[in-house]
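**Student:** pasting a predicted model and its sequence here:
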Amino acid sequence: MSSSDSNLRGQGAGQTTSPGPILLLGAPGVGKGTQAKELIKVWGVPQISTGDLLRGNVAQGTELGKTAKAIMSRGELVPDTLVNEMVAVRLTQPDAANGYILDGFPRTLVQANWLDGRLAAQSGLLPVVAVSIKVDYNQLLRRITGRRNCPVCQTIYNLYGKPPAKEGYCDVDGAALVQRADDTEKVFEERMRAYEALTAPVVEHYRAAGRFAEVDGDRPILEIAAGIVAAVAGLRK
């Protein structure tokens, strides 16, 4: 185990047994998914993604899933009330008793207010604390537009940070690398505008409540995770 890994585990061990609900924020490409995996190792709590919840309910044919499927088949957005119901069901499951890492929820101020009210109504539950992973816009742009995938072995490269040995071809199997259709500068700009428009009110909501922190996301993975653990510890004091 590396010293960085040991330090991260040590910080996690110093936490309370319940980190409580953690909202992980960050623009497209900051690495929320990667950080969630590291934090799961530290805290032993689940990651709760609304995208996964929605897909799971639809696939399992639950009543909520059937309603959501009908709405989406009409080309409409799934309303906050339905998303809230799915989250409410998920939070009652035993693995979420000591906390959870929220990904993609609350996405709007309506959702944030709903979640705060739900947690406040139940005795002994900690409130949500939000931690935002910050990375410079140009660095994010390079991460996204430089990304190339191997269609055979699924290895991911980056033209700027992790290029293949032979330009345009996978090191593992020699297949021609491809760029995802949404990994372009135009799509990235649109996603950033949408993210900022949606997230700004949520950030201000938690900042005003003294439950918001930012960490530098332009560092090695374990250093970022350690920063998040420390930020949560500070917010929980």
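**Tutor:** Everything's here; your move. Numbering: from 1, shown residues only.

**Student:** drop to CA atoms for contacts and neighbour counts, all remaining ones
**Tutor:** Will do.

**Student:** where does pLDDT dip in this protein?
**Tutor:** For the chain, the stretches with pLDDT under 70 are 1-17.

**Student:** in it, where's the longest helix?
**Tutor:** Selection of the longest helix in the chain by residue count, based on DSSP state H, yields helix 185-208.

**Student:** next SSE after that helix?
**Tutor:** For helix 185-208, the following helix or strand on the C-terminal side (DSSP states H and E) is strand 212-216.

**Student:** please name every helix or strand in contact with that following strand.
**Tutor:** Secondary structure elements in contact with strand 212-216, counted by 3 or more Cα pairs under 8 Å, 6 or more residues apart in numbering; DSSP states H and E, are strand 129-134, helix 185-208, helix 221-236.

**Student:** which of these sits most buried?
**Tutor:** Using mean count of other Cα atoms under 10 Å, the stretch among the helices and strands packed on strand 212-216 with the largest mean neighbour count is strand 129-134, at a mean of 22.

**Student:** returning to that earlier point: the inter-axis angle of the longest helix of the chain versus strand 212-216?
**Tutor:** 140 degrees (axes from the mean of the first three to the mean of the last three Cα atoms, to 10 degrees).

**Student:** now do helix 185-208: everything it contacts.
**Tutor:** By Cα atoms under 8 Å, 6 or more residues apart in numbering, the list of residues contacting helix 185-208 from outside reads 27-28, 106-109, 112, 129-130, 141, 144-145, 182, 212-213.

**Student:** if you set the cut-off to 10 Å instead, what comes out?
**Tutor:** Helix 185-208 is contacted by residues 23, 25-29, 105-113, 128-132, 137, 140-142, 144-146, 181-182, 209-213 when judged by Cα atoms under 10 Å, 6 or more residues apart in numbering.

**Student:** of the residues you listed, keep whichever come out buried.
**Tutor:** Burial by neighbour count, 16 or more other Cα atoms under 10 Å: within the contacts of helix 185-208 this picks out 23, 25-29, 105-109, 111-112, 128-132, 140-142, 144-146, 211-213.

**Student:** which of those fall in strands?
**Tutor:** Per DSSP state E, strands hold the following members of the buried ones among the contacts of helix 185-208: 23, 25-26, 129-132, 212-213.

**Student:** for residue 152, which non-adjacent residue is closest in space?
**Tutor:** Take residue 152 and drop its neighbours on the chain: the residue closest to it by Cα to Cα, 6 or more residues apart in numbering is residue 175, 6.9 Å away.

**Student:** just the buried residues of stretch 162-170, please?
**Tutor:** Along stretch 162-170, these residues count as buried under the neighbour rule (16+ other Cα under 10 Å): 163-164, 168-170.

**Student:** of those residues, closest to residue 53?
**Tutor:** The closest of the buried residues of stretch 162-170 to residue 53 turns out to be residue 170 (Cα to Cα; 33.6 Å).

**Student:** so that closest one touches residue 163, yeah?
**Tutor:** Yes. The pair formed by residue 170 and residue 163 meets the contact definition of Cα atoms under 10 Å, at 9.4 Å.

**Student:** joint contacts of the two?
**Tutor:** Taking Cα under 10 Å, 6+ apart as the contact criterion, the common neighbours of residue 170 and residue 163 are 148, 156-157.

**Student:** can I get those residues in CSV with secondary structure, distance to residue 92 and neighbour count?
**Tutor:** What follows is the shared contacts of residue 170 and residue 163, written out as CSV (DSSP: H, G, I helix; E, B strand; the rest coil; distance: Cα to Cα, whole Å; neighbours: other Cα atoms under 10 Å):
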residue, secondary structure, distance to residue 92, neighbour count
148, strand, 39, 26
156, strand, 36, 16
157, strand, 39, 22
